[in-house]
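**Q** what's the 3D shape of this:
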Amino acid sequence: MKTVQIYTDGACSGNPGPGGWGAILIYNGVEKELSGGEAQTTNNRMELTAVIMALLALRERCRVELWSDSKYVIDALEKGWAWGWRRKGWIKSDKKPALNPDLWETLLDLTRQHEMAYHWVKGHAENAYNNRCDQLAVRERDAYAAQNR
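**A** Next up, the predicted model:
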């Protein structure tokens with residue numbers, strides 16, 4: 001089974017506001033960058049979208065090493081919280097509705113197609129790939145912000 005490294009990040013101005021996401025897929029020394037954005041979104045939606053779009057780019061079952069600076073994404077996947085939210089009809093343990101159930105639904109289905117490992121990385125720090133994902137996300141966010149001025 002192929003092992004693919006995926007790095008992701010999201011950015012948003014206003015939260016909600018214009019947002020962007022960036023992802024880098026690395027396989028066998030080859031890097032592929034992906035990015036996009038939305039005119040009206042939140043930071044967490046962009047974090048989730050980055051992971052979704054990266055997984056959608058895979059053409060076969062892989063071992064995926066996912067790196068993100070989003071505790072929201074990494075903890076919800078690694079600790080199984082998102083699976084619990086789904087089981088309970090998108091209600092969290094505090095009885096409040098889970099946010100972004102549409103994206104979580106898609107992401108959980110995608111993670112089942114691969115062998116996943118999750119890694120949290122400190123944002124805006126020493127990780128060059130995370131920093132590059134941040135640059136991609138900010139570029140997209142700024143492009144959407146400029147369109148709406």
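**Q** all strands for this structure, in order.
**A** Listed in chain order, the strands of the chain (DSSP state E) span 3-12, 17-27, 30-41, 63-68, 115-120.
**Q** reformat those as a markdown table; add distance to E140, mean pLDDT and mean neighbour count.
**A** The way it works is simple: take the backbone N, C-alpha and C, and place the C-beta from them, glycine included. Output for the strands of the chain, formatted as a markdown table (distance: least, Cβ to Cβ, whole Å; pLDDT from 0 to 100; neighbours: other Cβ atoms under 10 Å):
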| stretch | distance to E140 | mean pLDDT | mean neighbour count |
| --- | --- | --- | --- |
| strand 3-12 | 8 | 97 | 26 |
| strand 17-27 | 3 | 97 | 24 |
| strand 30-41 | 4 | 97 | 16 |
| strand 63-68 | 17 | 98 | 21 |
| strand 115-120 | 23 | 98 | 15 |
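**Q** quick one: which of those is nearest R87?
**A** strand 115-120 (18.4 Å; Cβ to Cβ).
**Q** need the contact partners of the longest helix seen in the chain.
**A** In the chain, with assignment by DSSP state H, the single longest helix is helix 128-147. Residues from elsewhere that reach helix 128-147 (Cβ atoms under 8 Å, 6 or more residues apart in numbering): 5, 7-13, 17-24, 26, 33-39, 46, 50, 67-69, 121, 123-125.
**Q** and stretch 92-107, by the same measure?
**A** Under the contact criterion Cβ under 8 Å, 6+ apart, stretch 92-107 has outside partners 44-45, 48-49, 51-52, 55, 76-77, 81-82, 84-86, 90-91.
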